[in-house]
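Engineer: Please work out how this folds:
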Amino acid sequence: MQRKFDVPISLRDFVMKDLDQKWRSWKYDLRTKFFTPYQKAQQHFACSDTRVVEDQWKNLVQMWSSEVFKFLKIGATLDRGELFIRTRMKKVGGPVNEESAAMIDKIRDIKLMQQSSISSSIASVGDAYEQVMGRDRTGKVHGIGTSPTPKSLWGSRSEQKLR
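Structural biologist: Numbering: from 1, shown residues only. The predicted structure is shown next:
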């Protein structure tokens with residue numbers, strides 16, 4: 001018996017990526033229509049869209065009001081190393097586990113040696129993240145989402161060699 005939303009295994013990755021994009025787009029639309037950053041907290045906890053579950057709306061409002069979200073919203077760019085560090089730290093300040101702690105230390109050491117803690121690009125060939133985690137698989141750039149490819153970020157390898 002096949003259920004309504006059974007998807008063949010060969011299409012599952014495509015469907016999940018498509019759902020992810022639609023979900024992000026819908027949250028963005030909600031934020032632009034119903035969330036004003038300078039309102040009082042009580043005014044945020046009422047969303048007039050009937051499709052929105054109240055508890056989920058409160059969680060979204062808390063996320064959008066957080067300092068980390070505001071930092072990312074002002075256009076500050078993080079490189080892959082800094083993004084890795086921020087996503088592997090507990091709210092109380094320590095790393096989530098020993099393996100992450102070791103990787104974080106290595107990334108920070110490399111960044112100190114390079115004397116460039118602020119990067120102009122989120123990803124670059126040979127950055128601290130790549131030195132610690134290893135070279136990215138062909139056609140993939142880890143740490144910056146599903147869309148970017150090495151060619152779209154840096155051009156083809158033959159162009160890099162010519163430079």
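Engineer: for the helix with the most length in the chain, the distance to its chain's centre please.
Structural biologist: Counting residues, the longest helix in the chain under DSSP state H turns out to be helix 9-34. Relative to the centre of its chain, helix 9-34 is centred 14 Å away, using C-alpha atoms, centre = their mean, to the nearest Å.
Engineer: Can you list the helices and strands that that helix packs against?
Structural biologist: For helix 9-34, the packing partners by 3 or more C-beta pairs under 8 Å, 6 or more residues apart in numbering; DSSP states H and E come out as helix 54-65. C-beta coordinates here come from the backbone N, C-alpha and C atoms, glycine included.
Engineer: Could you list the domains of this structure?
Structural biologist: Using the TED database, the domain parsing of the chain gives 9-65, 80-115+122-161.
Engineer: Quickly compare those domains and say which is most buried.
Structural biologist: domain 80-115+122-161 (a mean of 14; mean count of other C-beta atoms under 10 Å).
Engineer: Distance from that one to the middle of the chain?
Structural biologist: The answer for domain 80-115+122-161 is 12 Å, by C-alpha atoms, centre = their mean.
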